[in-house]
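Undergrad: my questions are about this predicted structure, shown below with the sequence.
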Amino acid sequence: MEKPARTAAGEQFERLVEIMARLRSPDGCPWDRAQSFDTIKPYLLEETYEVLDSIDARDWPALCEEVGDLLLQSVFFAQMAAEQKLFGIEDSLAAIIDKLVRRHPHVFGGAVANTPEEVKERWDRIKAAESLEKGRTAGNLLNSVPRSQPALAEALQISSKVARVGFDWADTDEVIRKLHEELDELARARSSQASREAIEDELGDILFVIANIARHLKVDPEQALRKANAKFRRRFAYLERRLAGEGKRLEETPLEEMEALWEEAKRSG
């Protein structure tokens, strides 16, 4: 008889944990044994972005594989932590299980939440209370926003945090007006031949405001930019194919001709 999916998943997870322990053992793999928390960090980011790429491409077989690769990173970190007697994978699992139950009282308790917004508000309240219980001061609102993530994602999280306590523009139109102000400031900095640092500062303000526009429009700016990047790649590849078909080189093609091919690419999707 076929085992229930949950039982099979548990056995597979245990097998993954066993394999990771074997790879890190004295008679295991030299490369795996040589790794540390710091050396594995880049692979965590790489696997995260490969998961996102698979989702964007709607490539479900690839996503299946990439989810496994991402899961491996968690097991790898937990194995190294266990070796240093910091914690084990079972502690990480218990922590997330407890957190999910605790922060979903509308599912596992008697609370009521009928909309995603109500769920998010309750989640934030519970999280804030937990921080106080752990001795974290209430005056450090942005301490929980990781500095190591992509800057656009960090800007979105920062602005979301402060917006929840009322530090926000009234509506999207106000944020767009702010964007025009920042663009004017950049133009003035350029015309006055300001320093590179001053120009960089003005450009940073523009990007931060754009992240806020995305938040007001309920759009993830990181995903929006990823899609824009993918669209640009697709259209530029079309341009390259058309030129190659005519035996022309990119660097020898006049800009006007490339722009005409770009318009073709836009019309072709």
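TA: Happy to help now that I have it.
Undergrad: which parts of the stretch 151-269 of the chain are strands?
TA: When assigned using DSSP state E, counting those that start in this stretch, the stretch 151-269 of the chain turns out to have no strands.
Undergrad: which intervals of it have sub-threshold pLDDT?
TA: Residues of the stretch 151-269 of the chain meeting the criterion pLDDT under 70: none.
Undergrad: same thing but 90
TA: Low-confidence segments of the stretch 151-269 of the chain, defined by pLDDT under 90: 161, 164-165, 193-194, 222-223, 226-227, 268-269.
Undergrad: domain parsing for this protein?
TA: By the assignment in automatic domain parsing, the chain contains the domains 8-102, 112-137, 223-268.
Undergrad: where among these is average confidence lowest?
TA: When those are compared on average pLDDT, domain 112-137 comes out lowest at a mean of 84.
Undergrad: for that domain, buried residues please.
TA: 113, 119, 122, 126 (16 or more other CB atoms under 10 Å). All C-beta spots, glycine's among them, are computed from the backbone N, C-alpha and C.
Undergrad: in helices only, show me those residues.
TA: 119, 122, 126 (DSSP state H).
Undergrad: my read: the last one touches residue 100, true?
TA: No - counting by CB atoms under 8 Å, no contact exists between residue 126 and residue 100, whose distance comes to 11.3 Å.
Undergrad: ranges for the strands of the stretch 1-150 of the chain?
TA: Under DSSP E, counting those that start in this stretch, the stretch 1-150 of the chain gives no strands.
Undergrad: which of the ones in helices among the buried residues of domain 112-137 sits closest to residue 264?
TA: For these, the residue nearest residue 264 by CB to CB is residue 119; the value is 46.4 Å.
Undergrad: now the helices for this protein?
TA: Per DSSP H, the chain carries helices over the ranges 5-24, 30-34, 37-56, 60-83, 89-102, 105-108, 116-133, 151-163, 172-191, 196-216, 221-245, 255-268.
Undergrad: just the residues contacting the longest one, thanks.
TA: It refers to helix 221-245. The contact list for helix 221-245 (CB atoms under 8 Å, 6 or more residues apart in numbering) reads 52, 56, 150, 152-153, 155-156, 210-211, 214-215, 249-250, 253, 258, 261-262, 264-266, 268-269.
Undergrad: indicate which one of the helices of the chain is closest to residue 143.
TA: helix 116-133 (8.9 Å).
Undergrad: still on that earlier bit, can you put the helices of the chain in CSV and add distance to residue 144?
TA: Shown next, in CSV, are the helices of the chain (distance: least, CB to CB, whole Å):
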stretch, distance to residue 144
helix 5-24, 28
helix 30-34, 32
helix 37-56, 19
helix 60-83, 20
helix 89-102, 14
helix 105-108, 21
helix 116-133, 8
helix 151-163, 8
helix 172-191, 24
helix 196-216, 17
helix 221-245, 18
helix 255-268, 42
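Undergrad: for the residue nearest the centre of the chain, give me its contacts.
TA: The centroid of the chain falls nearest to residue 153 when counting by CA atoms, centre = their mean (6.4 Å). Contacts for residue 153 (CB under 8 Å, 6+ apart) come out as 221, 222.
Undergrad: start the count at 760 instead of 1 going forward.
TA: OK, 760 is where the count begins now, so the last one is residue 912.
Undergrad: from residue 985, how far off is it?
TA: According to CB to CB, to the nearest Å, residue 912 and residue 985 sit 11 Å apart.
Undergrad: and what of residue 879?
TA: Relative to residue 985, and taking CB to CB, residue 879 is found at 23 Å.
Undergrad: before we move on, what about residue 918?
TA: 19 Å.
Undergrad: next: residue 1023.
TA: For residue 1023 relative to residue 985 (CB to CB), the value is 24 Å.
Undergrad: residue 961 now?
TA: Distance from residue 961 to residue 985, by CB to CB: 25 Å.
Undergrad: do the same with residue 812
TA: Taken as CB to CB, the span from residue 812 to residue 985 is 8 Å.
Undergrad: next one: residue 882
TA: Taken as CB to CB, the span from residue 882 to residue 985 is 26 Å.
Undergrad: ok, now residue 952?
TA: 35 Å.
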